[in-house]
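Trainee: here's my sequence, what's the structure:
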Amino acid sequence: MTNSDEFLIDQARRARLAEINAESGNREELQVRHGKVWNTSELASEFDVSGFAAPFVVVTRKSDGKTGSLEFQHSPRFYFNFVERR
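Mentor: Here you go, the predicted model:
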């Protein structure tokens, strides 16, 4: 990966972070937009976390060992939009 690629990825990540934090932090609205939503304790009971790069977190689902990512908002802290790694 080149420095240019890393810069573009970082820019996209920062843009998504701004979008997420501009949305309502209401859990019910997040569920309508993204499906299942977890708070921090729910996340810890269902996933092992291996890395953070706001607004993304890399996780492994405990029930089946599937690896993927979730997005999260800062306040209140909710995790959502699980995408399984291909």
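Trainee: report the mean confidence score over stretch 23-30.
Mentor: Average pLDDT, stretch 23-30: 86.
Trainee: now do that stretch: distance to the chain's middle.
Mentor: Stretch 23-30 has its C-alpha centroid displaced from the chain centroid by 14 Å (CA atoms, centre = their mean, to the nearest Å).
Trainee: tell me the secondary structure of the most centrally placed residue in the chain, please.
Mentor: When CA atoms, centre = their mean is applied to the chain, the residue found nearest the centroid is residue 71 (1.5 Å). Classification of residue 71 using DSSP: H, G, I helix; E, B strand; the rest coil returns strand.
Trainee: so who does the residue lying closest to it once chain neighbours are set aside touch?
Mentor: Distances taken as CB to CB, 6 or more residues apart in numbering place residue 81 nearest to residue 71, at 4.6 Å, with adjacent residues excluded. Bear in mind the C-beta positions are built from the backbone N, C-alpha and C, glycine included. Neighbour list for residue 81: 34-35, 70-71 [criterion: CB atoms under 8 Å, 6 or more residues apart in numbering].
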